[in-house]
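**Q** Give the three-dimensional model of this entry:
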Amino acid sequence: MFKPCVMIPVYNHEHAIAAVLQAVLAHDVDCLLVDDGSSDTCARVLDSLATANPQRVSLFRHAVNQGKGAAVLTGFVQAAQAGYTHLLQIDADGQHCVADIPQFLSQAQARPDAVIAGYPVYDESVPALRLYARYLTHVWVWINTLSLAIRDSMCGFRVYPVAAVIALMNRQAIGRRMNFDTDILVRLYWAGLAVVNVPTRVGYPVDGVSHFRVWRDNALISLMHTKLFFGMLIRMPGLLARHWRGAGK
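**A** Reported below is the predicted structural model:
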């Protein structure tokens with residue numbers, strides 16, 4: 001059985017979320033919205049969207065902001081309870097190419113035990129500093145997986161098998177803020193899941209809202225890489241054996 005849903009974490013994206021949701025629903029897939037403690041203005045927009053689409057949209061709410069990762073993890077719990085097998089995560093700010101949803105879901109249906117991970121094809125709107133920062137994370141991910149299997153661990157456009165994530169959540173704390181996307185992807189790779197990399201166009205809207213907090217989130221990401229590095233050392237024999245088996249096929 002393949003029963004996917006789209007999950008959008010929302011925090012004060014009242015200007016973009018309606019257009020993003022409309023584009024998502026055009027692909028005949030249900031959508032879970034998680035309001036991560038947004039302002040009253042954004043909360044009202046989300047309430048109206050859920051009311052206007054009662055059969056297609058489910059809205060869940062955090063009383064206070066807990067972070068992007070926490071919102072996505074709430075989405076996984078709700079998706080599992082509703083019987084969805086796969087969850088497609090996409091951002092609320094309009095930077096992801098919603099038209100690629102069918103391609104991502106098709107890949108997930110063909111490889112139901114894998115993570116279908118988007119890697120960005122940027123337009124001219126991307127800030128150069130973001131590209132340099134991403135490359136540093138790429139290097140750490142390659143080290144911490146002892147492979148080049150993950151093309152980009154920071155793109156928030158991907159499809160997960162719900163059962164595998166719930167199992168991971170039950171045994172391991174996962175980053176709950178901007179450290180989430182990389183943390184969960186590396187840990188799922190460690191758990192034996194394959195990663196299928198799919199190119200997708202990513203843009204940065206001029207009026208986009210960024211919730212990245214430089215000092216806090218960089219500290220969390222640095223701590224995450226440190227933990228993952230020591231976790232890799234413990235798993236090194238198994239990771240090397242996995243790559244050896246893969247090379248022999």
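
**Q** What is the lengthiest helix in the chain packed up against?
**A** Looking across the chain with DSSP state H, the single longest helix is helix 214-247. Judged by 3 or more Cβ pairs under 8 Å, 6 or more residues apart in numbering; DSSP states H and E, the packing partners of helix 214-247 are helix 128-145, helix 180-190. Quick note: C-beta positions are derived from backbone N, CA and C, even for glycine.

**Q** can you pull the buried residues of that helix?
**A** Buried residues in helix 214-247, counted by 16 or more other Cβ atoms under 10 Å: 217, 220-221, 224-225, 227-228, 232, 239, 242.

**Q** Please identify the deepest-packed of the helices and strands packed on helix 214-247.
**A** Stretch with highest mean neighbour count among the helices and strands packed on helix 214-247: helix 180-190 (a mean of 23; mean count of other Cβ atoms under 10 Å).

**Q** Which residue in the buried residues of helix 214-247 has the weakest pLDDT?
**A** Lowest-confidence member of these: residue 217, scoring 67 (pLDDT).

**Q** coming back round to it: let me have the helices and strands packed on helix 214-247 in JSON lines, adding mean pLDDT and distance to residue 104 as columns.
**A** Shown next, in JSON lines, are the helices and strands packed on helix 214-247 (pLDDT from 0 to 100; distance: least, Cβ to Cβ, whole Å):
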{"stretch": "helix 128-145", "mean pLDDT": "82", "distance to residue 104": "20"}
{"stretch": "helix 180-190", "mean pLDDT": "96", "distance to residue 104": "15"}
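
**Q** Tell me which of these approaches residue 69 most closely.
**A** With Cβ to Cβ as the measure, helix 180-190 is the member of those nearest residue 69 (2.7 Å).

**Q** Low-confidence bits of the protein, can you list those?
**A** Along the chain, the model assigns pLDDT under 70 to residues 124-132, 205-215, 217, 246-249.

**Q** those helices in this structure, which residues are they?
**A** Using DSSP H, helices in the chain cover 17-25, 40-52, 68-82, 101-110, 128-145, 162-171, 180-190, 214-247.

**Q** Please render the ones you listed as TSV that adds distance to residue 4 to the earlier fields.
**A** Output for those, formatted as TSV (distance: least, Cβ to Cβ, whole Å):
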stretch	distance to residue 4
helix 17-25	12
helix 40-52	19
helix 68-82	9
helix 101-110	5
helix 128-145	26
helix 162-171	9
helix 180-190	17
helix 214-247	27
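
**Q** separation between the residue positioned nearest the centre of the chain and residue 96?
**A** Centre of the chain computed as the mean C-alpha position; nearest residue by Cα atoms, centre = their mean is residue 156, 3.8 Å away. Using Cβ to Cβ, to the nearest Å, residue 156 is found at 7 Å from residue 96.

**Q** residues shared between the contacts of the two?
**A** The overlap between the contact sets of residue 156 and residue 96 (Cβ atoms under 8 Å, 6 or more residues apart in numbering) consists of residue 90.

**Q** Out of the helices of the chain, which is closest to residue 201?
**A** Smallest distance to residue 201 across those (Cβ to Cβ): 11.6 Å, for helix 101-110.

**Q** Tell me the helices and strands packed up against that closest one.
**A** When contacts are defined as 3+ Cβ pairs under 8 Å, 6+ apart, helix 101-110 packs onto strand 4-10, strand 86-89, strand 115-122, strand 158-161, strand 195-202.
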